[in-house]
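Participant: Compute the structure for the input listed below.
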Amino acid sequence: MQPQDVYSHRALRCLLTRLAHTSIMRLSSTSMDRLYDLMMMAFKYQIVLCPRPRDLLLVSFNHMDGVRGLIKDNPRLINSVNEAQRFIIETYTPLSDGEFQLIRQTLLAFFQDIHIRVSIFLKGNLQKGDGTFVMPTSGPVPHGSEVPGLIRYFNIRGRVVRRREFVSGGSYASSLRDASFDVSGDRVTRLGTNMYAESSAEDTHTSASSKHTCRSEQVTDDPNPLAKAELNLLAKLMGQVEVCDFVGDDGGMRVNLFPSQQEEDEEGRLSRKDEAFGVVNIQAVKADTALTHIAAQFTDQDQDERLSNKGEDLLAMMDDL
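Facilitator: Predicted coordinates:
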């Protein structure tokens, strides 16, 4: 394998577009832009969070393990994936840590100008609003490394002459086992796995507590005393209004601009929680009698009388002449 230059963004975009269109799926230009941005930021996240440069292989191996899980019923495809992974192992495993560090720095230089916000990262507090990632200050250190907190000073003979401890500012722990760089085995790290599968599991685990928290917030929030008054004013300006005085514990209310018999039937089937809302029924199609009376006062009552007396006034002027 001969070394080659890094792809440009345009060439990489063209390659990924062709890969996406090899299936029956067809993506529009906008959808492909979003997919490309998502792939770029997801891969950048994996590179940034690698504890050591050699873990770049573990990211690829986790990805291949996921591919094997999708094609587990097709032995021919599994053999192709295994053969590709063996080729990667033979090519990159002999590289030194310095060469892996050079590869990692080259990839980071390729992604340094890409700061696209991704919803799954923002939701998990893994990314800031400016597109930069939040680096963790806790967790296990790479296998064979020591927990930060100790500085050793060596002399010219390589002997330790002094030690000094410092506060690392994080909660680190020693790694209990090393990851497997074979075709199959424990990769230890979760980098390179399905991010959305982990997010779905976390959402399912926290759904009950989130609902309980939201319900508690609805009960404990103080109602706004001006909310009902503003709705009543809006209703009077629009037309006839019917306001229910009953308001629930949470101070909420619902506004029906177009009430109908079907909506009334649906309201009868609502749960007791929904019945706790005060309902404001606004009949915008019916004119308010007070507004009609006010509008009538602006009409010119003497207009018809002036029109009828126009001819008589003209005759009177001629008689005077």
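
Participant: Okay, buried residues for stretch 129-142 please.
Facilitator: Buried positions in stretch 129-142, judged by neighbour count with 16 or more other C-beta atoms under 10 Å: Pro140, Pro142. To be clear about C-beta, it is placed using only N, CA and C from the backbone, and glycine gets the same treatment.

Participant: got the contact list for that stretch?
Facilitator: 44-45, 48-49, 51-52, 55, 114-117, 121-122, 125-128, 147-148, 169-176 (C-beta atoms under 8 Å, 6 or more residues apart in numbering).

Participant: what about the stretch 1-150 of the chain, any weak spots by pLDDT?
Facilitator: 1 (pLDDT under 70).

Participant: Return the residues in contact with Met58.
Facilitator: That one is not Met; residue 58 is Leu. Leu58 is in contact with Ala179, Phe181, Arg187, Val188, Thr189, Leu191, Gly192, counting by C-beta under 8 Å, 6+ apart.

Participant: and the gap between Met135 and Ser145?
Facilitator: To Ser145, Met135 is 17 Å away according to C-beta to C-beta, to the nearest Å.

Participant: Kindly apply the preceding question to Arg52 instead.
Facilitator: Using C-beta to C-beta, Arg52 is found at 8 Å from Ser145.

Participant: So for those two, which sits in the more crowded spot?
Facilitator: Remark: of Arg52 and Ser145, Arg52 carries more neighbours, 16 against 13, as counted by other C-beta atoms under 10 Å.

Participant: which residue packs closest to Leu27, ignoring adjacent ones?
Facilitator: Closest residue in space to Leu27, ignoring its immediate chain neighbours: Ala20 at 5.8 Å, by C-beta to C-beta, 6 or more residues apart in numbering.

Participant: To what extent is the closest residue to Lys44 other than its chain neighbours buried, counted in neighbours?
Facilitator: What sits nearest to Lys44 in space, not counting adjacent residues and going by C-beta to C-beta, 6+ apart, is Phe111, at 4.2 Å. Phe111 is flanked by 16 other residues according to other C-beta under 10 Å.

Participant: going forward can the numbers begin at 15, since that is how I track them
Facilitator: Yep, numbering from 15; the last one is Phe125 now.

Participant: surely Phe125 meets Gln60?
Facilitator: No - with contacts counted by C-beta atoms under 8 Å, Phe125 stays clear of Gln60, the gap being 10.6 Å.

Participant: all strands of the protein, in order?
Facilitator: With strands called from DSSP state E, the chain shows them at 152-154, 164-168, 174-179, 185-187, 254-257, 267-270, 292-297.

Participant: ok, now which ones touch the closest residue in space to Arg178 that isn't next to it in sequence?
Facilitator: Sequence neighbours aside, Ile165 is the residue nearest to Arg178 in space, at 4.6 Å (criterion: C-beta to C-beta, 6+ apart). Shown in contact with Ile165 (C-beta under 8 Å, 6+ apart): Arg177, Arg178, Glu179, Phe180.

Participant: so how many other residues sit close to the spatially closest residue to Met78 that is not a sequence neighbour?
Facilitator: Distances taken as C-beta to C-beta, 6+ apart put Gln99 closest to Met78, at 5.3 Å, once the chain neighbours are dropped. Neighbour count of Gln99, defined by other C-beta under 10 Å: 20.

Participant: ok, now Phe180?
Facilitator: Neighbours of Phe180 under the rule other C-beta under 10 Å: 9.

Participant: one step back: between the strands of the chain, which has the poorest mean confidence score?
Facilitator: For those, mean pLDDT drops lowest on strand 254-257, to a mean of 47.

Participant: Need the overlap of contacts for Arg66 and Ser159.
Facilitator: Contacts common to Arg66 and Ser159, judged by C-beta under 8 Å, 6+ apart, are absent.

Participant: Which parts of the chain are helices?
Facilitator: 23-34, 43-62, 70-84, 89-106, 111-125, 133-137, 209-234, 239-252, 275-282, 286-289, 303-311, 317-322, 324-334 (DSSP state H).

Participant: Buried residues of the fourth one, list them for me.
Facilitator: In terms of neighbour count (16+ other C-beta under 10 Å), helix 89-106 has its buried residues at Val95, Gln99, Tyr106.

Participant: so that helix versus helix 70-84, what angle?
Facilitator: Angle, helix 89-106 to helix 70-84, by axes from the mean of the first three to the mean of the last three C-alpha atoms, to 10 degrees: 180 degrees.

Participant: what does helix 89-106 rub up against?
Facilitator: With C-beta under 8 Å, 6+ apart as the test, helix 89-106 has contacts from 15, 71, 74-75, 78, 81-82, 85-86, 114, 195-197.

Participant: Could you rerun that using 6 Å?
Facilitator: Met15, Leu71, Met78, Val81, Arg82, Ile85, Val197 (C-beta atoms under 6 Å, 6 or more residues apart in numbering).
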